[in-house]
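Colleague: what's the 3D shape of this:
(chains A and B)
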Protein chains: 2
Amino acid sequence: MRTLQGRLDLCSINTATLGHREPLSSTIDRIAKAGFGGIAPWRREVEDTNVRDIARQIRSLGLTVTGYCRSTYLPAATRAQFAANIESNKAALLDAAELGARCFVMVVGGLPEGSRDLAGAREQVSEGIAELLGAARDSGVPLALEPLHPMYAADRSVLSTIEQALQVCDDVDPERSGFLGVAIDIYHCWWDPHLEASIQAAGRAGRIYAHHVCDWLRDTSDLLLDRGMMGDGVVDLRGIRGCVEDTGYNGLIEVEIFSRHNWWQRDPDEVLAICAQRLQTVC
Amino acid sequence: MRTLQGRLDLCSINTATLGHREPLSSTIDRIAKAGFGGIAPWRREVEDTNVRDIARQIRSLGLTVTGYCRSTYLPAATRAQFAANIESNKAALLDAAELGARCFVMVVGGLPEGSRDLAGAREQVSEGIAELLGAARDSGVPLALEPLHPMYAADRSVLSTIEQALQVCDDVDPERSGFLGVAIDIYHCWWDPHLEASIQAAGRAGRIYAHHVCDWLRDTSDLLLDRGMMGDGVVDLRGIRGCVEDTGYNGLIEVEIFSRHNWWQRDPDEVLAICAQRLQTVC
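Modeller: Below is the predicted model of the structure:
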């Protein structure tokens, strides 16, 4: 297991951690200035501006783009909408390539509005991933399926566990092309009784493309926007990172914190300083 | 699969559904008068009064006690506290027996305050269940482990899936004594990719002691107190009940809804009428 002490070059900041409160170019400068080695921007920020300019700025600062967030949800109530979702993701993959992103983060989507057909939505996800795999290969950017916590199964992701995401990978990409894997975010999977075995399986298959950290607060007050800073919650962060790195993962460790009432209210440079401190002491 | 139309005798109301707003004896009368065949009371209600009187009232109305809610959490920061938790559960089992409960509902508890040791907490759970199994047999009331949704893994239950609860059952009670099984609550498990297989395994082992229903609201606003009425959410209730009953389960179907801002604000008789209507049409 690597040490992160003095190694902020191994650490990345997902821009959501700063609450999307300023232009992306300012956020990029802040993150680089704070000494981090990587960044993970969001489409809404990039699509508001010129992707080439953003890519140039990131390159000039020597930042690694640890992931491009995130996919348009796949499951849809109509075939026309499903096709539109695929096209939207293909367009985003072109931007991901322009940015030199290590992966395109796939949050696959929940049930279509009004649906109770979980199995059907999961089939649409597999179908959609299969359709996107070629585009990923063409763009040179792997798809990283990010299973989300089961509390998002209705509205954000019908993939809830790493095991389940890996099954999709194996079904769609049995030859292990190198363009389909998973993003392992501790917020979503820390509780999973199969966590260790699933990480090991993902590692054996060479399918771990990203590792995201934050913390689960014992008294979580909001289903979406109350993630904790590393060290403030209950997750054995070092244990999980150790497990991920034992598989051979040598990518960056990315901080992703959604926190409407706490971290998004603080000064961005203060947030980055605390991220840096916690990464080096508790992660 | 049974029909519930005209069969409220197959249906039970967990008293939490009415928000614990009146004395238990009034709630019992309401539930019986509305035509339900069963009730599941909570310890806080029963322990506030005389358990023999409550038991007599329930018997005289011909209600089945589908479960007694619920266990004292098991994992503890000290051995003394762990021992106290065991004793508290043994005392509750005596009341469960007095009430003629079909099972004692075990919500096993989360991480001890300040702990990040999920594996250790799970070991304490297995140890505690093993210690309680004899008491369950002596009292004649089976223990029903209720895995809770993973969003409660920190503070309420380190058992998050049916598969995991069944593993504890098999470890602790390999001879299948008839005194250790599971309670299957759709709120907690509807998202589980292994749901069908897990229900079938639980049924094959003769370990399904209760089936709880409500619904998962797509726009859930609170982690604890925003459960939906059956039919208002995204869960395939009939599909899951069919799966449970296909295993041979012939117990009652219990409604358990925590809903601070909606159902707990309504007239209790209105809530019971809507439960009755939904049980017969969408469950």
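
Colleague: And what about the most centrally placed residue in chain A, helix, strand or coil?
Modeller: In chain A, the C-alpha nearest the mean C-alpha coordinate belongs to A:V105, at 5.0 Å (Cα atoms, centre = their mean). Using DSSP: H, G, I helix; E, B strand; the rest coil, the structure places A:V105 in strand.

Colleague: wait, what's in contact with it?
Modeller: A:A40, A:G67, A:Y68, A:C69, A:R70, A:S71, A:A144, A:E146, A:A183, A:A210 (Cβ atoms under 8 Å, 6 or more residues apart in numbering or on different chains). (C-beta placed from N, C-alpha, C; glycine too.)

Colleague: quick check, nearest of those residues to chain B?
Modeller: Comparing the contacts of A:V105 against chain B with Cβ to the nearest Cβ places A:E146 closest, at 15.6 Å.

Colleague: Wait, the closest one touches A:G181, no?
Modeller: No: proximity of A:E146 to A:G181 does not meet the contact threshold set by Cβ atoms under 8 Å, at 10.3 Å.

Colleague: Neighbour count for the two, which is higher?
Modeller: A:E146 (28 against 25; other Cβ atoms under 10 Å in any protein chain shown).

Colleague: Next, that one: phi, psi?
Modeller: Main-chain torsions, A:E146, degrees, to the nearest 10: phi -110, psi 100.

Colleague: Just the element for the nearest residue to it once chain neighbours are set aside, please.
Modeller: With sequence-adjacent residues excluded and distances taken as Cβ to Cβ, 6 or more residues apart in numbering or on different chains, A:E146 is closest to A:A183, at 4.0 Å. Using DSSP states H and E, A:A183 sits within strand A:180-185.

Colleague: Could you look up the next helix or strand downstream of that strand?
Modeller: Later in the chain than strand A:180-185, the nearest helix or strand by DSSP H and E is helix A:186-189.

Colleague: Can you spell out which helices and strands pack onto that next one?
Modeller: When contacts are defined as 3 or more Cβ pairs under 8 Å, 6 or more residues apart in numbering or on different chains; DSSP states H and E, helix A:186-189 packs onto strand A:208-213.

Colleague: what about A:G114, which SS state?
Modeller: Here A:G114 is recorded as coil under three-state DSSP.

Colleague: so how many other residues sit close to it?
Modeller: The burial count for A:G114: 9, using other Cβ under 10 Å.

Colleague: correct me, but it touches A:A76?
Modeller: No: if you go by Cβ under 8 Å, A:G114 and A:A76 don't touch, sitting 11.6 Å apart.

Colleague: hang on, the earlier thing: against B:E113, how distant is the residue nearest to A:E146?
Modeller: Counting by Cβ to Cβ, to the nearest Å, the separation of A:A183 from B:E113 is 31 Å.

Colleague: A:Q265 now?
Modeller: Using Cβ to Cβ, A:Q265 is found at 27 Å from B:E113.

Colleague: out of the contacts of A:V105, which are buried?
Modeller: A:A40, A:G67, A:Y68, A:C69, A:R70, A:S71, A:A144, A:E146, A:A183, A:A210 (16 or more other Cβ atoms under 10 Å in any protein chain shown).

Colleague: Read off the pLDDT value for the residue nearest to the last one when sequence neighbours are not counted.
Modeller: In space, A:A210 comes closest to A:A183 once its chain neighbours are excluded; the distance is 3.9 Å by Cβ to Cβ, 6+ apart. Turning to A:A183, the model gives it a pLDDT of 98.

Colleague: Could you pick out the residues of chain A near chain B for me?
Modeller: Proximity of chain A to chain B, by Cβ under 8 Å from any Cβ of the partner chain, involves residues A:110-111, A:113, A:115-118, A:122, A:149-151, A:153-155, A:160-161, A:163-164, A:190-193, A:216-221, A:223, A:233-236.

Colleague: Identify those among these that sit within helices.
Modeller: Taking DSSP state H, the ones among the residues of chain A next to chain B that sit in helices are A:L118, A:R122, A:E163, A:Q164.

Colleague: The second one touches A:V158, doesn't it?
Modeller: Yes: in this structure A:R122 lies within contact range of A:V158 using Cβ under 8 Å: 5.1 Å.

Colleague: These two: who's more crowded?
Modeller: Neighbour comparison, A:R122 and A:V158: the larger count goes to A:V158, with 29 against 20 (by other Cβ under 10 Å).

Colleague: show me the contacts for that one.
Modeller: A:P75, A:V108, A:G109, A:G110, A:L111, A:L118, A:A121, A:R122, A:V125 are the contacts of A:V158 under Cβ under 8 Å, 6+ apart.

Colleague: Give me the pLDDT for the closest residue to A:Y187 other than its chain neighbours.
Modeller: Using Cβ to Cβ, 6+ apart and skipping the chain neighbours, the partner closest in space to A:Y187 is A:C214 (5.3 Å). The score at A:C214 is 98. That number is its pLDDT.

Colleague: Correct me if wrong: A:C214 contacts A:I257.
Modeller: Yes: in this structure A:C214 lies within contact range of A:I257 using Cβ under 8 Å: 4.6 Å.

Colleague: Quickly find the element holding A:I86.
Modeller: helix A:79-98.

Colleague: for that helix, packing partners?
Modeller: Secondary elements touching helix A:79-98 (3+ Cβ pairs under 8 Å, 6+ apart): helix A:43-46, helix A:51-60, strand A:68-69, strand A:104-106, helix A:118-139.

Colleague: Check the contact between A:L74 and A:A84; I expect there is one.
Modeller: No: contact criterion Cβ under 8 Å: A:L74 and A:A84 do not qualify, at 10.7 Å.

Colleague: Of the two, give the one with the bigger neighbour count.
Modeller: More crowded of A:L74 and A:A84, by other Cβ under 10 Å: A:L74, with 29 against 13.

Colleague: ok, now how distant is the more buried one from A:A121?
Modeller: 8 Å.

Colleague: so what sits against both of the two?
Modeller: Contact criterion Cβ under 8 Å, 6+ apart; residues shared by A:L74 and A:A121: A:G109.

Colleague: In this structure A:L24 contacts A:R43, no?
Modeller: No: taking Cβ under 8 Å as the definition, A:L24 is not a contact partner of A:R43, at 10.7 Å.

Colleague: Neighbours of A:V282, how many?
Modeller: A:V282, neighbours per other Cβ under 10 Å, totals 16.

Colleague: ok, it - contacts?
Modeller: Contacts of A:V282 by Cβ under 8 Å, 6+ apart are A:M230, A:G231, A:L237, A:R238.

Colleague: Looking at the residues you listed, which one is closest to chain B?
Modeller: Among the contacts of A:V282, and counting by Cβ to the nearest Cβ, the member closest to chain B is A:L237, at 8.4 Å.

Colleague: Great, nothing more from me.
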